[in-house]
Each structure stands twice: as C-alpha cells, then as structure tokens.
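Trainee: Sequence isn't available, so here's the structure alone:
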C-alpha cells in the first residue's frame, strides 16, 4: 500500500503529460486547419500543463496576431517558458525580442544569452546574428575572431548572408582568417546561388580582378562543397 502511495505522484505526472500531449496534438491540427479558436483553447491547455511545443506555438500566435490580438508581452512570456525547456526556435525568437526590445526593454545581455543557446543547438539565424553582433560590437565587445566563428557555423548550414559576410572577411583577412580572394569568390558564389543580390555584385566586381585559374578554382570549390560540411579556409591560387 505504501509503495502504491509513493507511485501516485509519478502516475499523476504521467497522466498530466499525456493530456498535455493530446491537447497539443489537437491544437496543432486545428491551427494547421485554420481553426484558430479551437487551436488557442487546446494549445493554452497544453501550454499551462508545461508542454514546450504548445508554449512555443502559443507564443507564435501572440507574436503574429494569429487567431488572437497581437501581444508581444504575452508572446515573450510563452516563448520564455518554452525556451527554458530547451526549445531552440523559442530561444532564438526570445533572443531577437530582447535584441530589438519587442515586448520588453531592450537587453543585449539577455539577447546574447538566448541567441547563444539557440546557436549552440544549431539555429542558423541565431548563429548569423551573433556573428553580426560580434562584428559590429553592438551590445557586446567587438571580437572579429568570434564573429568569424559564428558566421562560419551559419554559412556552413547554407545561410546566404553569413556566406556573404564571411566572404568579406576572407577578402580582407579579418578576424584571423587568411586573406584569400578565391575563398571570398567561392563564398559569394554560394551566396549568390541562394539569391543574394549583394553577393552577386561582389562576386562580379571581384572576378574582374582575378585571373582565370583563380576563377576556375573558386567555381570548383563552390561546386564541390556540400551544406553541413566544413567550408575551405584556403585555396591554392588565391591571394
């Protein structure tokens, strides 16, 4: 009997979690179908029970004003609950909200805290923003080497703007990277292929200053590279 009593809290917790998952699943289905009133009801129930996915989606509804009145303060509250439980996208959005002062007083320290959590879990946009923050020194001590590190992590996941920025750093040898116009060309070639117009212009201007061997190597390097693999840091013909 005593053993059964000791198990009651665990049984209760499992039952609550099961109900939360069921409410989240029904809320998600309603959300996808555009039945936002039902989605809000079910997601709210699941979110209050601690379901991190429901908290994240509820935060999104408040952030976008989807099915509810737009309310950044409410969005931040739910995103934070979800972020504390380790939800990467919630960590990223929370970081951007602190960075921009949306729904809360601007706080770069909190922004960096949450963006780093998201970036360390592979969130590509968080990695890019961290690279930009370290590059500009906005809200954080300027550190080009850390900027390169974050830009590279984002660029290796295919983020076109991170590729563009990393190309500039390679062109001028900033942040401890070797100055290499072929690597810059390769990175801008990759970025331009994703539709980045600025990278396209940069690549075109740079190509006028390169010889044929350098252009061919840059093309080969970009053709052979695959997303989620390390980007080359040096070339054989670059300068």
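Mentor: Perfect, I can see it now. Note that the structure is a prediction, hence the values are computed from the model and not measured. Numbering: from 1, shown residues only.
Trainee: Thought residue 139 was touching residue 108, still the case?
Mentor: Yes: with contact defined as Cβ atoms under 8 Å, residue 108 reaches residue 139; the gap is 2.7 Å. For the C-beta atoms, the positions are set from N, CA and C on the backbone; glycine is no exception.
Trainee: where exactly do the helices run in the protein?
Mentor: Using DSSP state H, the helices of the chain run over 2-32, 36-48, 52-64, 72-84, 88-100, 108-120, 124-136, 144-155, 160-172, 181-193, 197-207, 212-224.
Trainee: Pick out the shakiest of the ones you listed, pLDDT-wise.
Mentor: Of all the helices of the chain, the minimum mean pLDDT falls on helix 2-32 (a mean of 60).
Trainee: Verify the stated contact: residue 60 with residue 72.
Mentor: No: between residue 60 and residue 72 there is no contact under Cβ under 8 Å: 11.8 Å.
Trainee: Out of the helices of the chain, the one nearest residue 234 is which?
Mentor: Distance to residue 234, taken as Cβ to Cβ, is lowest for helix 181-193 among the helices of the chain, at 6.8 Å.
Trainee: buried residues in stretch 186-201?
Mentor: 186, 187, 188, 189, 190, 191, 192, 196, 199, 200 (16 or more other Cβ atoms under 10 Å).
Trainee: And for stretch 218-238?
Mentor: By 16+ other Cβ under 10 Å, the buried positions in stretch 218-238 come out as 218, 221, 222, 225, 231, 232, 235, 237, 238.
Trainee: before we move on, the earlier item: which one of the helices of the chain is the most hemmed in?
Mentor: helix 181-193 (a mean of 25; mean count of other Cβ atoms under 10 Å).
Trainee: how much space between residue 127 and residue 211?
Mentor: In this view, residue 127 and residue 211 are 34 Å apart by Cβ to Cβ, to the nearest Å.
Trainee: Residue 201 now?
Mentor: Distance from residue 201 to residue 211, by Cβ to Cβ: 20 Å.
Trainee: Over to residue 144?
Mentor: 29 Å.
Trainee: Residue 233 too?
Mentor: Distance, residue 233 to residue 211, by Cβ to Cβ: 21 Å.
Trainee: One more: residue 155?
Mentor: For residue 155, the distance to residue 211 (Cβ to Cβ) stands at 25 Å.
Trainee: And for residue 222?
Mentor: Residue 222 sits 17 Å away from residue 211, going by Cβ to Cβ.
Trainee: Let me see the contact set for residue 123.
Mentor: 88, 89, 91, 92 (Cβ atoms under 8 Å, 6 or more residues apart in numbering).
Trainee: Try it again at 7 Å.
Mentor: With contact taken as Cβ atoms under 7 Å, 6 or more residues apart in numbering, residue 123 is in contact with 88, 92.
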